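Colleague: Give me the fold of what follows.
(2 chains)
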Protein chains: 2
Amino acid sequence: MQSIERLVLLGTGLISGSFALALKRARLVKRVVGVGRNIENLERALELGVVDEVSTDAAQAVRGADLVLLGTPVGQMGRLMQQIAPNLPVDCVVTDGGSTKQDVCALFRENLPRHLAMCVPGHPIAGSDLSGASAAQFGLYEGRRVVLTPLPENDLLVVEWVRQLWVSCGATVYEMSAEQHDGIFSAVSHAPHLLSFAYMNSVLDRYNAEQCLDFAASGFRDFTRIAGSHPDMWRDIALANRDSVLGDLKANVAQLNHLIQLLESGRGDELTGFIQRASRARIEWGKPKKG
Amino acid sequence: MQSIERLVLLGTGLISGSFALALKRARLVKRVVGVGRNIENLERALELGVVDEVSTDAAQAVRGADLVLLGTPVGQMGRLMQQIAPNLPVDCVVTDGGSTKQDVCALFRENLPRHLAMCVPGHPIAGSDLSGASAAQFGLYEGRRVVLTPLPENDLLVVEWVRQLWVSCGATVYEMSAEQHDGIFSAVSHAPHLLSFAYMNSVLDRYNAEQCLDFAASGFRDFTRIAGSHPDMWRDIALANRDSVLGDLKANVAQLNHLIQLLESGRGDELTGFIQRASRARIEWGKPKKG
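Modeller: Residues are numbered from 1 along each chain as shown, chains lettered A, B, ... in the order given. Reported below is the predicted structural model:
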């Protein structure tokens, strides 16, 4: 397959850095340029061999690039697209690693309207509490999933190339519409993050919050792990995928109100049924998948 | 310290079996009797050396006992207390491992009213997804916490003895009122379990539930781990600690409604603040404790 001459990472962190490392290991990239605003992070990326060159100027960096990966939070992508638009080589492929896809599609249309054949929106499913270039690792994408949500304007050979690059990183690649993607990830990722933040705040509001936190154990630890996630990133995701997220939050409030009614009226059998439904499905989900 | 001649486990599972194993290792118990309804489980407990003798008859088993541990779900404890009341030696200490304490205190008062000096309610904080005698382990309580919620009627020497037994199992023992206990554990254990059940059900209600579950990853895995918990046990806990749990569920609904408002009106800064508050507290909580 065709290898990359000059890969430019706009945002040099866990997601983009691990992509670069995996491609280096697969000998599919000659030169990696790390772009960012945090000089210390860029120097660390250079030191660790995640990138071969660093820059704080996205517009300059993309000159001569054949692949650009947008690896910043989605909230910063529009401005970056504007910056690179004048210098972007006509045959340069652009992709991204954002957690929401309808908004990224809209950003591509708005900011790179003459380049849409080459812009392939993507979402590698490899979240982590860690961030920054120093968290990048060769094997992050092994056995992980990557979702691509191609635009109707996409050159099919370009989509296929991006797909193969992710496969070379060890990932399994799926294609779906941006709308489907955002619905699914609202349900199983964005909404649970917001529910975990809301729960954490409800504990903090208690008069005996400190004592409660002192006695919190493993159930609390796991339930709230995602509540420690990055505020700016999750604000961006919540706002970007607002309609889906609102639907899921409201569905949750409805479930909770139903549960409150069952408890208030002491309907033990229905309460058992409510819990059984959840418990069975979670146990089933946790079993090793076939095939 | 005074060792136990005959320890009777009413309910032979993870919690009671691990208590017996730890006391055996500390050479603090001579004979352990495992009582239960599941013959297969009792035979397994005997085979594994968790108990020395088994019985399906609680009333007979407590003859000659000097310590009885109620290790069943709280919903079964009242009936067991009634069964053992006629045969309970006057100097036999009774304790329990239930996750709620106001209701267990009430059950002691109701069913063993002439024995209250010897009844010490307790809650070892060592939950696990596992259950049954075969899950019992010597070291389960090492470094764990045990909360005792003594009755005003308790003989102080008896409370001290129970405390020392748990310390011998490797646990750190705390004392508080049953009311304090139930408020704290509603906040950091009971409510999160119910929230996780409710969230799981909201995903199952989606038209594309199967596809959502297929793409669910590590955030979902941790957030819903406790949704796989045992339905009967958690129905009992929810009903037993109903007032506290209802308060916490309603506080959660209020947080979610606030979050929904922030999203609907696109108040990005307040949304950041909302997430930051939760995220900072969770990161702080996850740091190793001092002292």
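
Colleague: okay, CA-based contacts and neighbour counts for the rest of this
Modeller: Will do.

Colleague: I'd like the next helix or strand past the one helix or strand A:Leu239 maps to.
Modeller: With secondary structure defined by DSSP states H and E, A:Leu239 is part of helix A:231-240. Later in the chain than helix A:231-240, the nearest helix or strand by DSSP H and E is helix A:242-264.

Colleague: what does the next helix or strand after that following helix contact?
Modeller: Downstream of helix A:242-264, the next assigned helix or strand under DSSP H and E is helix A:268-286. Residues external to helix A:268-286 that are found in contact with it (CA atoms under 8 Å, 6 or more residues apart in numbering or on different chains): A:259, A:262-263, B:194, B:197-198, B:200-201, B:213, B:221, B:224-225, B:227-232, B:234-235, B:239.

Colleague: Same question for stretch A:249-256.
Modeller: A:Ala191, A:Leu195, B:Leu195, B:Ala198, B:Tyr199, B:Asn201, B:Ser202, B:Leu249, B:Val253, B:Leu256, B:Asn257, B:Ile260.

Colleague: which of those residues tops the neighbour count?
Modeller: When neighbours are counted by other CA atoms under 10 Å in any protein chain shown, B:Tyr199 leads those with 28 neighbours.

Colleague: Which helix or which strand is home to that residue?
Modeller: Going by DSSP H and E, B:Tyr199 is part of helix B:191-204.

Colleague: Can you spell out which helices and strands pack onto that helix?
Modeller: Where contact means 3 or more CA pairs under 8 Å, 6 or more residues apart in numbering or on different chains; DSSP states H and E, helix B:191-204 is packed against helix A:218-224, helix A:242-264, helix A:268-286, helix B:209-215, helix B:242-264.

Colleague: does the helix holding A:Leu239 come close to chain B?
Modeller: Yes. Residues of helix A:231-240 contacting chain B under CA under 8 Å from any CA of the partner chain: A:Pro231, A:Asp232, A:Trp234, A:Arg235, A:Ala238, A:Leu239.

Colleague: Compile these into JSON lines and extend it with columns for pLDDT and neighbour count.
Modeller: Listed next are the residues of helix A:231-240 next to chain B as JSON lines, based on pLDDT from 0 to 100; neighbours: other CA atoms under 10 Å in any protein chain shown:
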{"residue": "A:Pro231", "pLDDT": "94", "neighbour count": "21"}
{"residue": "A:Asp232", "pLDDT": "89", "neighbour count": "18"}
{"residue": "A:Trp234", "pLDDT": "93", "neighbour count": "21"}
{"residue": "A:Arg235", "pLDDT": "94", "neighbour count": "23"}
{"residue": "A:Ala238", "pLDDT": "95", "neighbour count": "24"}
{"residue": "A:Leu239", "pLDDT": "94", "neighbour count": "21"}
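
Colleague: Which parts of the stretch 51-200 of chain A are helices?
Modeller: A:58-61, A:77-84, A:102-111, A:156-168, A:178-185, A:191-204 (DSSP state H, counting those that start in this stretch).

Colleague: Dump the ones you listed into CSV; add mean pLDDT as well.
Modeller: Shown next, in CSV, are those (pLDDT from 0 to 100):
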stretch, mean pLDDT
helix A:58-61, 98
helix A:77-84, 98
helix A:102-111, 97
helix A:156-168, 98
helix A:178-185, 97
helix A:191-204, 98
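
Colleague: winner for burial among those?
Modeller: helix A:191-204 (a mean of 25; mean count of other CA atoms under 10 Å in any protein chain shown).

Colleague: Would you mind pulling the contact partners of it?
Modeller: Contacts for helix A:191-204 (CA under 8 Å, 6+ apart): A:209-210, A:212, A:223-224, A:226-227, A:245, A:248-249, B:187-188, B:192, B:199, B:219-220, B:223, B:248, B:251-252, B:255-256, B:259, B:274-275, B:277-279, B:281-282.

Colleague: May I have stretch A:176-189 as PDB, with CA atoms only?
Modeller: Extracted as PDB, the C-alpha positions of stretch A:176-189 are listed here (Å, rounded to 0.1, in the frame of the first residue of the first chain):
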ATOM      1  CA  MET A 176     -21.500   4.300   9.100                       C
ATOM      2  CA  SER A 177     -23.300   7.700   8.700                       C
ATOM      3  CA  ALA A 178     -22.300  10.500  11.000                       C
ATOM      4  CA  GLU A 179     -25.800  10.600  12.400                       C
ATOM      5  CA  GLN A 180     -25.700   6.900  13.300                       C
ATOM      6  CA  HIS A 181     -22.300   7.400  14.900                       C
ATOM      7  CA  ASP A 182     -23.500  10.300  17.000                       C
ATOM      8  CA  GLY A 183     -26.600   8.400  18.200                       C
ATOM      9  CA  ILE A 184     -24.600   5.300  19.200                       C
ATOM     10  CA  PHE A 185     -21.800   7.200  21.000                       C
ATOM     11  CA  SER A 186     -24.200   9.500  22.800                       C
ATOM     12  CA  ALA A 187     -25.900   6.400  24.200                       C
ATOM     13  CA  VAL A 188     -22.800   4.500  25.300                       C
ATOM     14  CA  SER A 189     -20.200   7.200  25.900                       C
END
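
Colleague: Is chain B within reach of that stretch?
Modeller: Yes. Residues of stretch A:176-189 are located near chain B by CA under 8 Å from any CA, namely A:Ile184, A:Phe185, A:Ala187, A:Val188, A:Ser189.

Colleague: Just put those residues in CSV and tack on distance to B:Ser99.
Modeller: Below are the residues of stretch A:176-189 next to chain B laid out as CSV (distance: CA to CA, whole Å):
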residue, distance to B:Ser99
A:Ile184, 36
A:Phe185, 35
A:Ala187, 31
A:Val188, 30
A:Ser189, 30
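
Colleague: closest to A:Asp66 among those?
Modeller: Nearest to A:Asp66 among the residues of stretch A:176-189 next to chain B, counting by CA to CA, is A:Phe185 at 29.8 Å.

Colleague: which ones are touching the closest one?
Modeller: Contacts for A:Phe185 (CA under 8 Å, 6+ apart) come out as B:Cys212, B:Phe215, B:Ala216.

Colleague: near chain A, from those?
Modeller: Within the contacts of A:Phe185, those near chain A by CA under 8 Å from any CA are B:Cys212, B:Phe215, B:Ala216.

Colleague: Make TSV from these and add pLDDT and neighbour count to it.
Modeller: Formatted as TSV, these follow (pLDDT from 0 to 100; neighbours: other CA under 10 Å):
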residue	pLDDT	neighbour count
B:Cys212	97	22
B:Phe215	95	17
B:Ala216	94	17
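
Colleague: Would you map out the domains in chain A?
Modeller: Chain A breaks down by automatic domain parsing into domains covering A:4-176, A:180-286.

Colleague: how far is the lowest-mean-pLDDT helix or strand in chain A from where the chain is centred?
Modeller: Ranking every helix and strand in chain A by mean pLDDT, DSSP states H and E puts helix A:231-240 at the bottom, with a mean of 92. The chain centroid and the centroid of helix A:231-240 are separated by 11 Å, computed with CA atoms, centre = their mean, to the nearest Å.

Colleague: Same check on stretch A:72-92?
Modeller: That offset, for stretch A:72-92, works out to 18 Å (CA atoms, centre = their mean).

Colleague: and it, is it in reach of chain B?
Modeller: No. Shown here: stretch A:72-92 not in contact with chain B (CA under 8 Å from any CA), separated by at least 11.5 Å.
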